[in-house]
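In: need the 3D shape of this:
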Amino acid sequence: MARNNRKPRPRPLPAPPKCSSRMYIQIAPADIAFFRFFLEAMDNLALFTVADRFKGVLMLRYSAHQEREFFEFLDGLKEEIEIKILPNPSIPA
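Out: Alright, predicted model coming up:
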């Protein structure tokens with residue numbers, strides 16, 4: 001039987017998203033550095049900005065293409081630190 005030595009064609013990549021997805025979470029202020037190190041260990045899956053350092057509110061920005069991986073990261077991290085997902089203030093209720 002003849003063997004096919006051709007390489008498979010590369011699949012086309014999806015179009016880049018128009019904008020990043022955004023989420024607000026609240027953690028203990030003492031855990032902000034801990035959260036940062038975990039996020040960096042995941043090859044900077046998301047970027048975060050400290051919105052309120054006294055309350056531990058963080059704004060996270062992540063790619064819509066990596067939403068599944070981002071939520072898996074958060075679910076895994078909930079075993080280590082307490083994470084509260086806050087409503088997005090830019091979306092009217």
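
In: count of residues packed around Asn44?
Out: Other residues near Asn44 come to 10 when the count uses other CB atoms under 10 Å. For every residue, glycine as well, the C-beta is placed using N, CA and C.

In: would you list the phi and psi of it?
Out: Asn44 has phi and psi values of phi 50, psi 60 when expressed as degrees, to the nearest 10.

In: closest to the centroid, which residue in the protein?
Out: Centrality entry for the chain: nearest residue to the mean C-alpha point is Phe70, 3.6 Å, by CA atoms, centre = their mean.

In: what's next to the helix or strand hosting it, contact-wise?
Out: Per DSSP states H and E: Phe70 is located in helix 67-77. Contact with helix 67-77 is made by Ser21, Ile25, Phe35, Phe38, Leu39, Met42, Leu45, Ala46, Leu60, Tyr62, Ile83, as judged by CB atoms under 8 Å, 6 or more residues apart in numbering.

In: I'm done for today, thanks for sticking with me.
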